[in-house]
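1. make a model of this:
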Amino acid sequence: MTIDRIKSDVIICCVGSFINIIAMTVIMPFLPEFISTMGHSGGISVLVWSSLCYSATFLTAALLAPLWGRLSDHYGSRLNLIRASIGMLISMTLTSFAQTPLELFICRALVGVAGGYTSGAAILIAKRTGGRGGLSQGVLSSSILLGSLIGPPAGSWLALKVGMAGSLRIAALMIFFNCVATYFLAKDTTISSRKKTRSTANTADLSFSIVYLTVIAVVMAASISLEPMISTYVKLYSHTQNVLQGAGLALSAIAVASIISATLLGYLGDKIGYKIVIIISLMAGAFVLILHAFAQSVWQIVAVRFALGLALGGIIPCVRAYIKSVAKPDHIGALIGLTTSAQYVGQVVGPVSAGFIAAQWTLNIVFYSTSLCVLAAALFVCFSQTERSDTITHEQ
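-> Next up, the predicted model:
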């Protein structure tokens, strides 16, 4: 396979994931307002419906990601990307026509069931790239993070211009162009031949994946555990009058730093080894989390959040590149699908556990306990025997 072909596939996957995430997140700014215009709430409050509709996508996506990954192993990654694009096109179009909160909830659940473009892109890149898997996965992660930053403000702007339903139809149109581009421009990976040594390969890959799926869940939990309480953190620790501005800056800081870190640490992992980069990054993240307890101004809060993004933002691309280099080729899709599920688990467990700890004790205990979890993950990786004697880097 030529270098130009690999670069082309990476670009298609990154641009496609960027567009896909924008389309998925345009609804976020006006979700409660969209529900309030529907009526027929069945006595359930708008905020409860908003929470249910928001979480439905991630719950169903987490459950289905390993299945789509396994199907990518058997039938090809390109086919999975086209399936995800068509599924997203249908579900986003249906969402724009939802008339009741229950219909919206079902449509949001369908987005998670039918979606999986970003996970499929990670699988295709893993199977395409050779010794630069970390850099490619890092660029993909940066594209996804950038899309999640642009999506909500784009949704607010579109809702003002064309209405809430209209903005969802524009998002569906974006998905349509994404589907066409993927169909004509992406090339398929070699499809797995479903062979014999299923039980032994699965056992070996399982022992490897437990370590790194745990790492991903911990990283995601540590990265976003504070986000629902960020305004409270800014208010208590910085004593500023402009809490909302400080909270916005703090949220933006970790997002921007993660975009930078994903590419840089992925590239570094290609050069010096993914495992050592993961260990050092986790240890740095544990240290920065402790510094959160000592911030005394808005700019110190912004600085520690930015540092946390730099420390943790590149770990997931390194893990996915490491999976590509260690796992057997016909299990790469399933394992990367599981990494997506682990991300969603961390997204749920982090904020919920942090909220409980903060309510029972203080935010400082949140920082210290999260730091201990991240440090434990670093030690888990450090002392785990994840390399197998038969490991090779599988070039496509």
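
2. what's the neighbour count on residue 272?
-> Here the number of neighbours of residue 272 (other C-beta atoms under 10 Å) works out to 11. Every C-beta, even on glycine, is put in place using the N, C-alpha and C of the backbone.

3. which parts of the stretch 201-350 of the chain are helices?
-> Ranges of helices within the stretch 201-350 of the chain are 230-238, 243-272, 274-291, 298-312, 315-326, 332-360, based on DSSP state H, counting those that start in this stretch.

4. so how far is residue 342 from residue 221?
-> 10 Å (C-beta to C-beta, to the nearest Å).

5. once you drop chain neighbours, what's closest to residue 372?
-> Leaving aside its chain neighbours, residue 372 sits nearest to residue 286 (7.6 Å; criterion: C-beta to C-beta, 6 or more residues apart in numbering).

6. residues near the one you found, how many?
-> When neighbours are counted by other C-beta under 10 Å, residue 286 comes out with 22.

7. mind starting the numbering at 763 from now?
-> In the new count, where the first residue is 763, that last one comes out as residue 1048.

8. confirm for me that it is in contact with residue 1140.
-> Yes - between residue 1048 and residue 1140 there is a contact at 6.7 Å, judged by C-beta atoms under 8 Å.

9. residues contacting the residue nearest the centre of the chain?
-> Centroid-nearest residue in the chain, with C-alpha atoms, centre = their mean: residue 1105, separated by 5.9 Å. Contact analysis of residue 1105 by C-beta atoms under 8 Å, 6 or more residues apart in numbering lists 978-979, 982, 1078.

10. by neighbour count, which of those residues wins?
-> For those, neighbours were counted using other C-beta under 10 Å, and residue 1078 has the most, 31 neighbours in all.

11. what's the pLDDT at residue 1151?
-> Listed pLDDT for residue 1151 reads 37.

12. what does residue 1011 give?
-> 86.

13. so what's it closest to, chain neighbours aside?
-> residue 1064 (5.1 Å).

14. same thing with residue 824?
-> Excluding its sequence neighbours, the residue lying closest to residue 824 (C-beta to C-beta, 6+ apart) is residue 1106, at 3.7 Å.

15. also residue 990?
-> Closest to residue 990 by C-beta to C-beta, 6+ apart is residue 1113, at 4.9 Å.

16. contacts only, for that neighbour.
-> Residue 1113 makes contacts with 986-987, 989-990, as judged by C-beta under 8 Å, 6+ apart.

17. one more pass at 10 Å, please.
-> Counting by C-beta atoms under 10 Å, 6 or more residues apart in numbering, residue 1113 makes contact with 983, 986-991.

18. drop anything exposed from these.
-> 983, 986-989, 991 (16 or more other C-beta atoms under 10 Å).

19. will you turn those into JSON lines that also has distance to residue 1053 and pLDDT?
-> Listed next are the buried ones among the contacts of residue 1113 as JSON lines, based on distance: C-beta to C-beta, whole Å; pLDDT from 0 to 100:
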{"residue": "983", "distance to residue 1053": "18", "pLDDT": "90"}
{"residue": "986", "distance to residue 1053": "18", "pLDDT": "86"}
{"residue": "987", "distance to residue 1053": "15", "pLDDT": "85"}
{"residue": "988", "distance to residue 1053": "13", "pLDDT": "85"}
{"residue": "989", "distance to residue 1053": "18", "pLDDT": "81"}
{"residue": "991", "distance to residue 1053": "17", "pLDDT": "83"}
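
20. can I see the domain layout of the protein?
-> The chain resolves into domains spanning 765-947, 960-1145 when parsed by automatic domain parsing.

21. could I get the contacts of residue 1105 as CSV with pLDDT?
-> Converted to CSV, the contacts of residue 1105 look like this (pLDDT from 0 to 100):
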residue, pLDDT
978, 93
979, 92
982, 91
1078, 91
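
22. for residue 858, which non-adjacent residue is closest in space?
-> Residue nearest to residue 858 in three dimensions, not counting chain neighbours: residue 930, with 3.7 Å by C-beta to C-beta, 6+ apart.

23. would you check how far apart residue 1065 and residue 1071 are?
-> 11 Å.

24. neighbour-wise, which of those two wins?
-> Legend: neighbour count by other C-beta under 10 Å for residue 1065 and residue 1071, higher for residue 1071 (25 against 16).

25. surely that one touches residue 1022?
-> Yes - with contact defined as C-beta atoms under 10 Å, residue 1071 reaches residue 1022; the gap is 7.7 Å.

26. overlap in contacts, those two.
-> Each of residue 907 lies in contact with both residue 1071 and residue 1022 under the rule C-beta under 10 Å, 6+ apart.

27. quick one: low-confidence residue ranges for the stretch 813-962 of the chain.
-> Counting by pLDDT under 70, the stretch 813-962 of the chain shows low-confidence ranges at 890-894, 950-962.

28. still on that earlier bit, who are the neighbours in contact with the residue nearest to residue 858?
-> Contacts of residue 930 by C-beta under 10 Å, 6+ apart are 785, 788-789, 792, 796, 854-860, 869, 917, 920-921, 924.

29. any idea how far it is from residue 915?
-> 16 Å.

30. and for residue 1127?
-> Distance, residue 1127 to residue 915, using C-beta to C-beta: 34 Å.

31. how about residue 1046?
-> Using C-beta to C-beta, residue 1046 is found at 30 Å from residue 915.

32. perfect, I'm done here.
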